[in-house]
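[1] okay, here's the prediction I keep looking at, along with the sequence it came from:
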2 protein chains.
Amino acid sequence: MAGQATQTRRRGDTRGEIQRAALSRFTDQGYDKTSLREIAEDLGVTKAAVYYHFRSKEEILESLVREMADSLEALLDWARAQTPSREVRLELLRRLAAATSGGLGDTMRCVQQNELALASMPSTVDLVHRYKQELWKVATPPDATVEQKLRVRLAIMAILLVNHGSADLGGTAAERQEAAQRIAADVII
Amino acid sequence: MAGQATQTRRRGDTRGEIQRAALSRFTDQGYDKTSLREIAEDLGVTKAAVYYHFRSKEEILESLVREMADSLEALLDWARAQTPSREVRLELLRRLAAATSGGLGDTMRCVQQNELALASMPSTVDLVHRYKQELWKVATPPDATVEQKLRVRLAIMAILLVNHGSADLGGTAAERQEAAQRIAADVII
DNA sequence: GTCTATAATACGATAGAC
DNA sequence: GTCTATCGTATTATAGAC
């Protein structure tokens, strides 16, 4: 998957292609187990070419994390502009599901899968942690108890969970998404 | 943390010490980012000494996975001997919480944190996958819908979630555990 | 922008002395 | 059972030609 091996080395979006190849590899085999040689060969260039577009391997992952942060920012901005209520929180979860069905979902999955690798990257550890906290915060009632906070986190996990893997649950992707929304609505106070 | 740096190189449980040091390192920094040199130095020996007790780095992680599997087996055996009912499933979750409060929890956390590294280890990928499925299976009603299956997985996640990290939820560890049990009871049909 | 070539380093793993 | 010493390999990253 992912690559295009040979030929087709004509387009001028090498930087973007590197990001896409890296996203795929990082998600499937992990950041540590992915070498720059693999990424380069996926698009038919050499390692040195990759180093023209990114100063380091870390910087590739960092660029993906920043894209995720930017996408999430829009969602957070919307939520912060609302008056907190249960209906707003449920709408936030619906919007999160919609957003993570697209490209944002792939990046979030990559970030999630490589949480440990990111934890030892000074340039991104704070960013990842901050956005996780922010998402929890806007989805949680202001006066929430410990149990209510935990409920919110589980609701978010339900949404994110069905966006990848989970095919072994059976049913279609749409059915799984609807099930996750029902559970989220049920678990949130 | 974890280590004892120098001195104290007297006891005859080097194999166990290697496992403990590896468990700690693998959990905190990840399997890939942990070198055998680090593990060896944690207990004040050399890499070569580690290779006397384990044939490879993989074998260390493998030994931890097998210990986890053995601990889980007891839980699964109990569950399989019961007549499926909601009360039995809730009791299973209580027993899971109790088991994962002890040493099993540390190993499960390590396995969870290194899911991606384990996925590329032929010797353990099947074992991990099998035990995850088995745990889901015994906790799920025989005729469960997609939504009910998802609910069971979330209940299990709630239990495992509060067993590590989650300190930022506030409250004591016991309070978080009780909250998780209440949510599990609430989310399970 | 992409190449070839290579430096510098760290790793997993082994051999053989003690 | 632990040591010293080392092998072979792969990696990240750089220098300089084109």
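    Sure thing, it's come through. Numbers count the residues shown, from 1 in each chain, chains lettered A, B, ... in the order given.

[2] residues touching the spatially most central residue of chain A, list them.
    Chain A has A:Met108 as the residue nearest its centroid, 0.7 Å off, counting by C-alpha atoms, centre = their mean. The contact partners of A:Met108, by C-beta atoms under 8 Å, 6 or more residues apart in numbering or on different chains, come to A:Met68, A:Thr100, A:Leu160. The way it works is simple: take the backbone N, C-alpha and C, and place the C-beta from them, glycine included.

[3] for B:His129, see how far away the nearest residue to the second one once chain neighbours are set aside is.
    Here the nearest residue to A:Thr100 in space, its sequence neighbours aside, is A:Asn163; by C-beta to C-beta, 6 or more residues apart in numbering or on different chains that works out to 4.9 Å. If you measure A:Asn163 against B:His129 using C-beta to C-beta, to the nearest Å, the figure is 20 Å.

[4] who has more neighbours out of those two?
    With neighbours defined as other C-beta atoms under 10 Å in any protein chain shown, A:Asn163 and B:His129 compare such that A:Asn163 has more, 22 against 13.

[5] in contact with that one, which residues?
    Going by C-beta under 8 Å, 6+ apart, the list of residues near A:Asn163 reads A:Ala97, A:Thr100, A:Ser101, A:Gly105, A:Arg109, A:Gln177.

[6] so which of those residues sits lowest on pLDDT?
    Per-residue confidence over the contacts of A:Asn163 reaches its minimum at A:Ser101, where pLDDT is 93.

[7] next, the closest residue in space to it that isn't next to it in sequence: phi, psi?
    With C-beta to C-beta, 6+ apart as the criterion, A:Ser101 has its nearest non-adjacent residue at 6.5 Å, and that residue is A:Asn163. With angles defined as degrees, to the nearest 10, A:Asn163 sits at phi -90, psi -10.

[8] do you know the pLDDT at A:Asn163?
    Listed pLDDT for A:Asn163 reads 89.

[9] quick one: the one helix or strand A:Ile159 maps to near chain B?
    Per DSSP states H and E: A:Ile159 is located in helix A:146-161. Yes - under the criterion of C-beta under 8 Å from any C-beta of the partner chain, helix A:146-161 makes contact with chain B via A:Val146, A:Glu147, A:Lys149, A:Leu150, A:Arg151, A:Arg153, A:Leu154, A:Met157, A:Ala158, A:Leu161.

[10] how about the CA coordinates for the helix or strand just after that helix, as PDB?
    Going down the chain from helix A:146-161, the next helix or strand is helix A:173-187, by DSSP H and E. Taking only C-alpha atoms (Å, rounded to 0.1, in the frame of the first residue of the first chain), the coordinates of helix A:173-187 have been written out as PDB:
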ATOM      1  CA  ALA A 173     -18.600   1.700   9.400                       C
ATOM      2  CA  ALA A 174     -21.800   3.800   9.400                       C
ATOM      3  CA  GLU A 175     -23.500   1.500  11.900                       C
ATOM      4  CA  ARG A 176     -20.500   1.500  14.200                       C
ATOM      5  CA  GLN A 177     -20.400   5.300  14.000                       C
ATOM      6  CA  GLU A 178     -24.100   5.500  14.900                       C
ATOM      7  CA  ALA A 179     -23.600   3.100  17.800                       C
ATOM      8  CA  ALA A 180     -20.700   5.200  19.100                       C
ATOM      9  CA  GLN A 181     -22.900   8.300  19.000                       C
ATOM     10  CA  ARG A 182     -25.700   6.600  20.800                       C
ATOM     11  CA  ILE A 183     -23.400   5.400  23.500                       C
ATOM     12  CA  ALA A 184     -21.700   8.800  23.800                       C
ATOM     13  CA  ALA A 185     -25.100  10.400  24.300                       C
ATOM     14  CA  ASP A 186     -25.900   7.700  26.900                       C
ATOM     15  CA  VAL A 187     -22.700   8.000  28.800                       C
END
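
[11] tell me the buried residues in helix A:173-187?
    Under the neighbour-count criterion of 16 or more other C-beta atoms under 10 Å in any protein chain shown, helix A:173-187 has A:Arg176, A:Gln177, A:Glu178, A:Ala179, A:Ala180, A:Gln181, A:Ile183, A:Ala184, A:Val187 buried.

[12] JSON lines for these, including distance to B:Lys57?
    JSON lines is the format used below for the buried residues of helix A:173-187 (distance: C-beta to C-beta, whole Å):
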{"residue": "A:Arg176", "distance to B:Lys57": "37"}
{"residue": "A:Gln177", "distance to B:Lys57": "40"}
{"residue": "A:Glu178", "distance to B:Lys57": "44"}
{"residue": "A:Ala179", "distance to B:Lys57": "40"}
{"residue": "A:Ala180", "distance to B:Lys57": "38"}
{"residue": "A:Gln181", "distance to B:Lys57": "43"}
{"residue": "A:Ile183", "distance to B:Lys57": "40"}
{"residue": "A:Ala184", "distance to B:Lys57": "41"}
{"residue": "A:Val187", "distance to B:Lys57": "41"}
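
[13] all helices of chain A, in order?
    Ranges of helices in chain A, per DSSP state H, are A:14-29, A:36-42, A:47-53, A:57-80, A:86-101, A:103-113, A:115-119, A:125-139, A:146-161, A:173-187.

[14] most tightly packed of these?
    Among the helices of chain A, helix A:146-161 has the highest mean neighbour count (mean count of other C-beta atoms under 10 Å in any protein chain shown), at a mean of 22.

[15] many thanks, we can stop here.
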